[in-house]
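Asks: Any chance you can model this:
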Amino acid sequence: MIPIKPYRTFLCAVVFLMVAIMAPTAFGQDSGQSSRAATQKDEDINFDIQLYLILASNREVEDNKLPVVLDPIVKRLRDSLAFKHYNLAATFLNRVKNNGKLDVSWVGGPFAIHGSPAQTNPSFSQFTSLVRVVTDDSGHEVLRLNEFRFGTKVPIVVGQTTTTVANTGGGFPTVSYEPVGLRTDLSLREGSLVIAGTLNVGPSGDALVVVISAKRAAN
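Replies: Now for the predicted structure:
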């Protein structure tokens with residue numbers, strides 16, 4: 001016959017040992033499930049990526065009213081670059097998932113190159129980026145746009161066609177499309193505006209300023 005007190009001590013020891021063995025397994029399962037749930041939640045985040053193209057010029061052109069959101073950017077441009085006028089050439093809004101790839105191409109209106117008949121020709125543009133949310137050293141979320149690329153083909157007049165008998169209205173310009181673009185990796189806080197780069201376009205000395213912003217999509 002086993003004494004009651006030693007038996008209880010033995011039973012408690014067995015129960016304690018079982019709990020000690022099973023606890024890490026249960027904790028690991030809970031931790032793994034939480035981690036997977038968090039990962040899935042992060043994967044489901046959508047972002048609205050806004051691209052602004054600002055045309056900077058020293059030509060005597062009329063300034064168009066820019067969106068108020070671009071005021072800090074234009075102020076910074078005026079402090080940094082020697083251009084008199086800044087006008088919004090185009091703006092685009094696109095949605096992409098976290099850890100997704102954004103790839104957009106379009107046929108746009110002409111860039112106003114002074115004194116060039118090519119300004120009636122369209123431009124061809126494209127931008128791509130890999131989008132990912134990360135946490136910086138301060139514990140804040142930042143959005144990384146890895147392998148960000150923006151490119152456009154600008155029409156440039158390179159010559160004049162010869163007038164023929166059938167064509168008595170004068171020669172037509174010979175237009176060549178010259179590619180310009182940039183490629184970079186950049187990070188930005190949600191809701192902030194970032195100047196990705198500036199590109200010279202056309203013989204008039206104009207520049208195209210590429211500005212990016214991003215915010216979490218509402219739905």
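
Asks: what's the next secondary structure element after the helix or strand bottoming out on mean pLDDT in the chain?
Replies: In the chain, the helix or strand scored least confidently by mean pLDDT, DSSP states H and E is helix 4-43, which has a mean of 56. Later in the chain than helix 4-43, the nearest helix or strand by DSSP states H and E is strand 46-57.

Asks: buried residues in whatever helix or strand comes next after that next one?
Replies: Scanning forward in sequence from strand 46-57 by DSSP H and E, the next helix or strand is helix 71-80. By 16 or more other C-beta atoms under 10 Å, the buried positions in helix 71-80 come out as Ile73, Val74, Leu77. From N, CA and C alone the C-beta is placed, and that goes for glycine too.

Asks: Low-confidence regions, this protein specifically.
Replies: In the predicted model of the chain, residues 1-42, 109-120, 161-171, 202-203, 219 satisfy pLDDT under 70.

Asks: Swap in 50 and give it another go.
Replies: Applying pLDDT under 50 to the chain flags residues 34-40, 113-118.

Asks: roughly how far apart are Val194 and Gln160?
Replies: Counting by C-beta to C-beta, to the nearest Å, the separation of Val194 from Gln160 is 42 Å.

Asks: same check, this time on Ala90
Replies: 29 Å.

Asks: if you count what's nearby, which of these two comes out ahead?
Replies: Ala90 (17 against 12; other C-beta atoms under 10 Å).

Asks: Quick check: the more buried one touching Pro122?
Replies: No. With contact defined as C-beta atoms under 8 Å, Ala90 does not count as touching Pro122 (11.8 Å).

Asks: Go through the buried residues of helix 71-80 and name the one nearest Ser187.
Replies: Relative to Ser187, the closest of these is Ile73; by C-beta to C-beta it sits at 17.0 Å.
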